[in-house]
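A.B. asks: my questions are about this predicted structure, shown below with the sequence.
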Amino acid sequence: MGPLEGVRVVELAGLAPGPFGCMLLADLGADVVLVDRPGGSDVGLLRRGRRVVTLDLKEPAGIAGLLRLVEHADVLVEGFRPGVAERLGCGPGVCLRRNPRLVYARLTGWGQDGPLAARAGHDIDYLAVAGALEPLGRTGERPHAPLNLLADFAGGGMLMAVGVLAALLERERSGAGQVVDAAMVDGSALLTTFLHGLIAAGRWSGPRGANLLDGGAPFYDTYATSDGGFMAVGAIEPAFYAELLAGLDLDPAELPAQHDPGGWPVLRRRFAERFAQRTREQWTVIFTERDACVTPVLSPAEAPAHPHNVARQAFVRVGDEVQPAPAPRFERTPPATPSPPVPSDVDTILRDWSS
């Protein structure tokens, strides 16, 4: 099932970014075999849709089993530090000699070369060096990383999946595999392309937290409600801003101009006062009928029950857990519902792949 049906992926167990990227491939129909280490690894929900084979890659028998899989695979994904796969005996040179059509995807924080290539790091570090962390936060406060969503998952796992898909498409023309070097620092920098455009156009010149999209503008921010909840406001365009004011029962003639930064403190105070007068649910009802770009801020636990997410079937149950559903949607080749990981072995996998 899915547009990647028939694509065979070998995933070497790693931390969150690699498993997330391979989860995307599995969601889209690829047959992903997770090669786990003895004792298992902790990648949590990101294991869905895999068959799991346990191999000790520090032992010759484990490497031999892995290379048997590589001979029949389309893709191998590894997230070791540079040089580790080569020392284990499963680097791209060895694997591509076994299978010249193999797409060998390497996902690291700093990439395969450069002064930081061998250094440890986490999402926050890659964001910092990429210039993506400094703009995040309130005026006068420290930069603040948005969980590990940007570098690990968007700039890492998702970018790696895009690279794999591009290499598979190119292989249809050339008949040859290649190495994909996906680095989270590169992906984090890539995600700031729009921001660099705003800076170049002179539309992002204030300090952190004082610009249009970073919480500086009062019409693009969150506001507390009377019950401790929050509403998200994204009323940038004039039509949406007019609907925002109407929903809040505020007269535009009594307020500063929308795009006058000098009047933003007044607007923020008035908006905050209004939102504090009702509960999140009350404001949700008020803005349900208004095209104002105003929505309730839901917790991860609440999101699956939102009517829009229910209608879209945006969340699915995998085993005992509720998880986000595969995306995007496909008209002719919808992926199967994600399933929990299934233990397997090399011989069983190879029999399936040889049939």
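C.D. replies: Now that the structure is in, tell me what you want to look at.
A.B. asks: C-alpha from now on. contacts and neighbour counts both.
C.D. replies: OK.
A.B. asks: any idea how the chain splits into domains?
C.D. replies: 8-191+314-354, 220-224+230-296 (automatic domain parsing).
A.B. asks: what is the top helix by length along the chain packed up against?
C.D. replies: The longest helix of the chain (DSSP state H) is helix 159-174. Applying 3 or more Cα pairs under 8 Å, 6 or more residues apart in numbering; DSSP states H and E, we find helix 159-174 packed against helix 17-27, strand 103-108, strand 178-183.
A.B. asks: picking up where we left off before, tell me the most buried of the domains of the chain?
C.D. replies: Comparing those by mean neighbour count (mean count of other Cα atoms under 10 Å), domain 8-191+314-354 ranks first with a mean of 19.
A.B. asks: endpoints of that domain, how far apart?
C.D. replies: 11 Å (Cα to Cα, to the nearest Å).
A.B. asks: now do stretch 142-157
C.D. replies: 27 Å.
A.B. asks: same thing with stretch 278-296?
C.D. replies: Taking Cα to Cα, stretch 278-296 runs 12 Å from one end to the other.
A.B. asks: which residues touch it?
C.D. replies: Identification of contacts with stretch 278-296 by Cα atoms under 8 Å, 6 or more residues apart in numbering yields 225-235, 239-244, 247, 275.
A.B. asks: now with 6 Å?
C.D. replies: 225-227, 229, 231-235, 240, 243-244 (Cα atoms under 6 Å, 6 or more residues apart in numbering).
A.B. asks: now the two most distant members of those residues.
C.D. replies: Checked with Cα to Cα, these reach their widest spread between 227 and 240, with 25.2 Å between them.
A.B. asks: just to revisit the earlier point, which of the contacts of stretch 278-296 fall in strands?
C.D. replies: Judged by DSSP state E, the contacts of stretch 278-296 include 231-234 as members of strands.
A.B. asks: thinking again about what came up before, would you turn the domains of the chain into a markdown table with distance to residue 198 and mean pLDDT?
C.D. replies: Shown next, in a markdown table, are the domains of the chain (distance: least, Cα to Cα, whole Å; pLDDT from 0 to 100):
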| stretch | distance to residue 198 | mean pLDDT |
| --- | --- | --- |
| domain 8-191+314-354 | 13 | 95 |
| domain 220-224+230-296 | 15 | 97 |
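A.B. asks: could you export those domains as TSV, including distance to residue 203?
C.D. replies: As requested, the domains of the chain are exported to TSV (distance: least, Cα to Cα, whole Å):
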stretch	distance to residue 203
domain 8-191+314-354	14
domain 220-224+230-296	12
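A.B. asks: residue 213 is nearest to which of those?
C.D. replies: It's domain 220-224+230-296; of the domains of the chain, that one is closest to residue 213 (Cα to Cα) at 6.4 Å.
A.B. asks: just give me how far that closest one sits from the chain centre.
C.D. replies: Averaging C-alpha positions (Cα atoms, centre = their mean, to the nearest Å) puts domain 220-224+230-296 29 Å from its chain's average.
A.B. asks: pull up the distance across that domain, start to finish.
C.D. replies: First residue to last in domain 220-224+230-296 (Cα to Cα) measures 14 Å.
A.B. asks: now swap in stretch 250-260 and tell me
C.D. replies: Terminal residues of stretch 250-260 lie 17 Å apart, using Cα to Cα.
A.B. asks: stretch 66-80 too?
C.D. replies: 15 Å.
A.B. asks: how about stretch 141-160?
C.D. replies: End-to-end distance of stretch 141-160 (Cα to Cα): 33 Å.
A.B. asks: just the residues contacting it, thanks.
C.D. replies: Stretch 141-160 is contacted from outside by 17-18, 20-21, 123, 134, 136-137, 182, 184, 187-188, using Cα under 6 Å, 6+ apart.
A.B. asks: equivalent analysis for stretch 85-104, please.
C.D. replies: Residues contacting stretch 85-104 (Cα under 6 Å, 6+ apart): 71, 74-76, 176-179.
A.B. asks: closest one of those to residue 332?
C.D. replies: Looking across the contacts of stretch 85-104 and measuring by Cα to Cα, the closest to residue 332 is residue 74, at 22.9 Å.
A.B. asks: just checking, the closest one touches residue 8?
C.D. replies: Yes: the pair residue 74 / residue 8 is scored as a contact, 5.1 Å apart, by Cα atoms under 6 Å.
A.B. asks: how about the helices in the stretch 251-355 of the chain?
C.D. replies: 264-275, 280-288, 307-312, 346-354 (DSSP state H, counting those that start in this stretch).
A.B. asks: good, wrapping up.
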